[in-house]
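Chemist: When you get a sec, could you give me coordinates for this:
(one chain, ligands or ions: 3)
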Amino acid sequence: MDTTGTAITDQFERPLKDLRISVIDQCNFRCTYCMPAEIFGEGYQFLSQEERLSYDEIVRVAEAFASLGVEKIRITGGEPLLRKNLSELIERLYAIEGIHDIALTTNGVFLPKQAEALKAAGLDRINLSLDAIDDEVFKSINSRGVKTSPVLKGVQAAEDAGLQVKVNMVVKKGMNDDQILPMARYFLATGHILRFIEFMDVGNTNGWNMDSVISKREIIDQIHEHMPLEPINPNYYGEVASRYRYQDGEGEVGIISSVTDHFCDTCTRARLSADGKLYHCLFASGGYDIRSLLRDGTSDHGLKLEIMKRWTRRDDRYSADRAEGKTPKDKKIEMSYIGG
Ligand code: SAM
Ligand code: SF4
Ligand code: SF4
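Modeler: Numbering: from 1, shown residues only. Ligands and ions are numbered 1, 2, ... in the order given. Just a heads-up that it's a prediction; the model follows:
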C-alpha cells in the first residue's frame, strides 16, 4: 500500500497533523507542578543514552509521520536544550519533505548560547515557559533558585536570532495567581504574546486537584477588569489557545484551557517520548513501543503501517471525559517524560 501523503483520521475524524517529540526526560529546573524536587531528586533514574531514541531513530519516525500527513513538529522535554547538538536534529527534521513548521518548547535558560544555531538549522518558533515575573515567586516555582533574568535573556536571544517567540505561563492557585496581571502587563509592553495554561492533572506526582485550577474565565476576568479584552478568531483549525486582544490597542493574550474548556474535538497531536513510545493523548496511561519496532529492523513501510493502524483506532478524549466526570483512574505518564 502506498501511504505517501495520505491524510489519516481517527475514530472522531481528527486528522493526524502534529508530532511532539520529547528528546530528553532530564531538566535543569524542578518546577513544583511538573518535576517536584522531592520525587525527582538525587536518586531518580532518568533514561540512559541507550534508552533514548538516537537522532537517526527520531528522524526515521518523523519521516514516517510526515508521509502520513504531519506538517508540524514540536521539540520538547524535559528541557530539550539539554540534549547535545539539538540544532543537528532540527536541521535534519527541517529537511523532511512535508514538514513546514518546527517549534521548540523550552525554559529558555540555554537560549543565549543556542538560539542562533537553532534558527540557522531551520527552527521557526519558540514557546518559552515563564511562570512569574517576580524573582521570589519564580525561584520558589523552579526550586533551583533561578531568577527571571536568565529566562528573559533567553527571550531576547531568541528574538535577536529572528525566532518567533511566545511566552507560556502555567497558573496554579496559591502558586502564582498574583502574577497574572504583572505578567500580562510586562509582555504587553515587550510585544510578546503571553499564553496562560490552566494547571492540568498530567502525571501522578504534582498533587493536582480541581481546587488548584484557576479557570480560563477567572484569568480573563482578572485581566479584563484592568485592561479590557475581547475574543478573536483562531489562527487555524485546532489551535489550542483561545485568543483575546486588548481593546485599547495592540497586543493579545491566549488561554490554554484543557481543564475547563477542552479542545479534544480538534486534537490532531501525536506524541513521541524520549524512549520512543508513541502516545495519542497527553493523559494516556500507556504508549506503543516504537523503539522496539525500530531496533527489531522493521522496514519504513512497516513503521508507517503501525502508526497508521494506531491513529485510525484512536479514540482518546481525556479532557472531554473529565468534563463529563468520567476520568479513568489509571496511572498516567509524567509531563517531564512526554513533554506537554
Ligand atoms: N522544559 C520545557 C519548558 O518548561 O518549557 C519543556 C517541557 S515542559 C513539560 C512543557 C510545558 O508544560 C511547560 O510550559 C510547562 O509549564 C507545562 N506544564 C508542565 N506541567 C504542567 C501541568 N501540570 N499543567 C499545565 N502545564 C504544565
Ligand atoms: Fe523542567 Fe519544563 Fe517541567 Fe519546569 S516545566 S520542570 S522547566 S520540564
Ligand atoms: Fe488531545 Fe488528549 Fe488533550 Fe484531549 S486530552 S486535547 S485528546 S491530548
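Chemist: Longest strand in the protein, please.
Modeler: strand 164-171 (DSSP state E).
Chemist: Is I96 located within a helix, as I assumed?
Modeler: No. Using DSSP: H, G, I helix; E, B strand; the rest coil, the secondary structure at I96 is coil, not a helix.
Chemist: isn't it right up against A64?
Modeler: No. Look at I96 against A64 with C-beta atoms under 8 Å: they stay out of range, at 10.0 Å. For the C-beta atoms, the positions are set from N, CA and C on the backbone; glycine is no exception.
Chemist: With neighbour numbers in mind, choose between these two.
Modeler: Counted by other C-beta atoms under 10 Å, I96 and A64 do not tie: A64 has more neighbours, with 24 against 17.
Chemist: hmm, back to that, the longest strand of the chain - contacts with which helices or strands?
Modeler: Contacts defined by 3 or more C-beta pairs under 8 Å, 6 or more residues apart in numbering; DSSP states H and E place strand 164-171 against strand 125-129, helix 148-160, helix 180-190, strand 193-198.
Chemist: Format those as a markdown table; extra columns: mean pLDDT, distance to ligand 3 and mean neighbour count.
Modeler: Below are the helices and strands packed on strand 164-171 laid out as a markdown table (pLDDT from 0 to 100; distance: least, C-beta to the nearest ligand atom, whole Å; neighbours: other C-beta atoms under 10 Å):
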| stretch | mean pLDDT | distance to ligand 3 | mean neighbour count |
| --- | --- | --- | --- |
| strand 125-129 | 98 | 16 | 21 |
| helix 148-160 | 98 | 26 | 19 |
| helix 180-190 | 97 | 23 | 18 |
| strand 193-198 | 97 | 12 | 22 |
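Chemist: Relative to H301, which of these is closest?
Modeler: Nearest to H301 among the helices and strands packed on strand 164-171 is strand 125-129 (31.8 Å), distances taken as C-beta to C-beta.
Chemist: Report the angle between that closest one and helix 148-160.
Modeler: Strand 125-129 and helix 148-160 meet at an angle of 170 degrees, taking axes from the mean of the first three to the mean of the last three C-alpha atoms, to 10 degrees as the criterion.
Chemist: CA atoms only: put the helix or strand just after strand 125-129 into CSV for me.
Modeler: Going down the chain from strand 125-129, the next helix or strand is helix 135-142, by DSSP states H and E. C-alpha atoms of helix 135-142 as CSV (Å, rounded to 0.1, in the frame of the first residue of the first chain):
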residue,chain,number,x,y,z
ASP,A,135,12.0,36.7,41.2
GLU,A,136,10.9,35.3,44.5
VAL,A,137,7.8,33.7,43.1
PHE,A,138,9.7,32.3,40.2
LYS,A,139,12.5,30.9,42.4
SER,A,140,10.0,29.2,44.6
ILE,A,141,8.4,27.5,41.5
ASN,A,142,11.6,26.4,39.7
